[in-house]
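**Student:** all I have is the shape, not the residue letters:
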C-alpha cells in the first residue's frame, strides 16, 4: 500500500506569490492534518480535516487555507507568501483523526525568496 | 494547554553506547505520547507510542520508552547505538483542546553517533 504522498517535494516561490501544496492520504484514511516545520523546530499544527470538513485550525494567519476533496486528498494554500513561510510542510493522515497515530508524508520543502 | 519539553537539543554517543533521549510532558488528562524519528530531508516516522496499559513500550529499530506518570516523563532509550540511528527525534503528545486531536511536538533532539 502506498503511504502518504505529497507534491511537490520542493519548490521555490517569491515573496507575495501564492502556493498550493497537495497531499494524498493512505487508502482508507479519512482525516488529513497539515503541519509546518521551520528549520530547527518541531512541527506546528496548521489544520485538520475529516470527511471534507475542517475540524481544527492552529494559530496561523488567514493567508493559510486548506480543503479536503471527496477522495480525501487535501490541498494547503498559502497566499501573499512571506520569507517566514519558508519551511517543510508535512501532511499526516489517520483513519478518523482520533488519538491514534498519524502517518506522515515526506513533506514539501517551500523556500520563499 | 499540553506541552512537551525535550532536554538537550543535541546528543552525541559512540557506536554501541546507550542512547537516552529525554522528554517531559505537561497534560491535564491521561496523555497519549509518541516518539517520531526524522532522517535528513524526510518526513516523520513513528518509532513507538504510549496510549494506555503497559508503561514500557517497545518500538521499531530496538528503541523503547517508559511512561512515568509521577515524573511526567517519556524518555526514549536504545541499549546499543548504531550509525544508522543518527537522525532527529521528536517527542509528541496528543492534544484534544477544541474538540479535535492534534499532535504537539517538542523542539527535537539531534542524535549524532560516532564510530
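**Tutor:** Everything's here; your move. These numbers were taken from a predicted model, which means no experiment stands behind them.

**Student:** my guess is residue A:89 contacts residue A:21. True?
**Tutor:** Yes: counting by C-beta atoms under 8 Å, residue A:89 touches residue A:21, with 5.4 Å between them. Where you see a C-beta, it was placed from the backbone N, CA and C, and this is true even at glycine.

**Student:** helix/strand/coil for the residue of chain A found nearest chain B?
**Tutor:** At 3.3 Å from chain B, residue A:42 is the closest residue in chain A, using C-beta to the nearest C-beta. Taken by DSSP: H, G, I helix; E, B strand; the rest coil, the conformation at residue A:42 corresponds to coil.

**Student:** neighbours around it, how many?
**Tutor:** 22 (other C-beta atoms under 10 Å in any protein chain shown).

**Student:** what's near enough to touch it?
**Tutor:** Counting by C-beta atoms under 8 Å, 6 or more residues apart in numbering or on different chains, residue A:42 makes contact with B:4, B:90, B:92, B:105, B:106, B:107, B:108.

**Student:** the nearest residue to it once chain neighbours are set aside: how many residues sit nearby?
**Tutor:** Nearest residue to residue A:42, sequence neighbours excluded (C-beta to C-beta, 6 or more residues apart in numbering or on different chains): residue B:105, at 3.3 Å. By other C-beta under 10 Å, 23 other residues sit near residue B:105.

**Student:** contact partners for residue B:105?
**Tutor:** Neighbouring residues of residue B:105 by C-beta under 8 Å, 6+ apart: A:42, A:43, A:44, B:4, B:36, B:90, B:91, B:92.

**Student:** so what does the residue in chain B that chain A sits nearest to have for phi and psi?
**Tutor:** Closest contact between chain B and chain A, by C-beta to the nearest C-beta, is at residue B:105 (3.3 Å). Main-chain dihedrals, residue B:105, degrees, to the nearest 10: phi -100, psi 150.

**Student:** likewise residue A:96?
**Tutor:** phi -130, psi 0.

**Student:** quick check: bridge partners of the residue nearest to residue A:42?
**Tutor:** residue B:92 (DSSP bridges).

**Student:** sweet, I'm off.
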